[in-house]
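Student: Show me the folded form of this:
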Amino acid sequence: MKARTIALGVIGTLLIWGLGTAAYAASPKAEIMALEHKCIAATTTAEAMACLDEKQIELFDVVPPLRYTGAEAVRGDLDNFFGNAKDLKAEFLALDVTTDGRLGIAQSIQHFTWTGKDGKPMAATLRVTDSLHKVGGHWKIFHSHVSVPVDLATGKAVMDGKL
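Tutor: Take a look at the predicted model:
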């Protein structure tokens, strides 16, 4: 009887501990939001690539061509940006995440400032939609679509869009 009471006490403690730690585990939405914050803070190609599923990545960027397919193409686009941007700073103006636990969509408005190679200050406010899935238990971006509004009267991109 005493052994059974001890066993039940141990099982009960383990169950309570297990349920308690499960409550502290990050939700899929929180995990995706954390990844998005890691991505926007990237200041090198390597840091940005760590957010992506290198085996299945496609990027629709604001600069030509229309799409970058595969890790090599995306890495080249990122190398071009990071190689020409110094003192990069970024922030979310808005970030919304939807997920069913298997797939996730992160929609955001992101504002960037940097100094160009020529020393000129630059800025851009971008619309970004990321599609994510899990790879090896971690959320990774497999498609990213970056855009800016276009002024139809001039045909020019609006790089300083406002909410």
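Student: check which helix or strand covers the one residue sitting closest to the centre of the chain.
Tutor: Centroid-nearest residue in the chain, with CA atoms, centre = their mean: Glu36, separated by 2.8 Å. If you go by DSSP states H and E, Glu36 is part of helix 28-40.
Student: Quick check: mean pLDDT of the helix or strand just after that helix?
Tutor: Counting by DSSP H and E, the element after helix 28-40 in chain order, helix or strand, is helix 45-49. Per-residue pLDDT over helix 45-49 has a mean of 98.
Student: How far away from the center of its chain is helix 45-49?
Tutor: Offset of helix 45-49 from its chain centre (CA atoms, centre = their mean, to the nearest Å): 11 Å.
Student: Remind me what it packs against, helices and strands.
Tutor: Helices and strands touching helix 45-49, as assessed by 3 or more CB pairs under 8 Å, 6 or more residues apart in numbering; DSSP states H and E, comprise helix 71-84. Where you see a C-beta, it was placed from the backbone N, CA and C, and this is true even at glycine.
Student: now the helix it packs on: how far from the chain's centre is it?
Tutor: For helix 71-84 - counting by CA atoms, centre = their mean - the centre lies 16 Å from the chain centre.
Student: Would you mind pulling up the elements that it packs against?
Tutor: helix 45-49, strand 58-60, strand 68-69.
Student: And those: which comes nearest Gly101?
Tutor: Gly101 sits nearest to strand 58-60 of all these, at 22.6 Å, using CB to CB.
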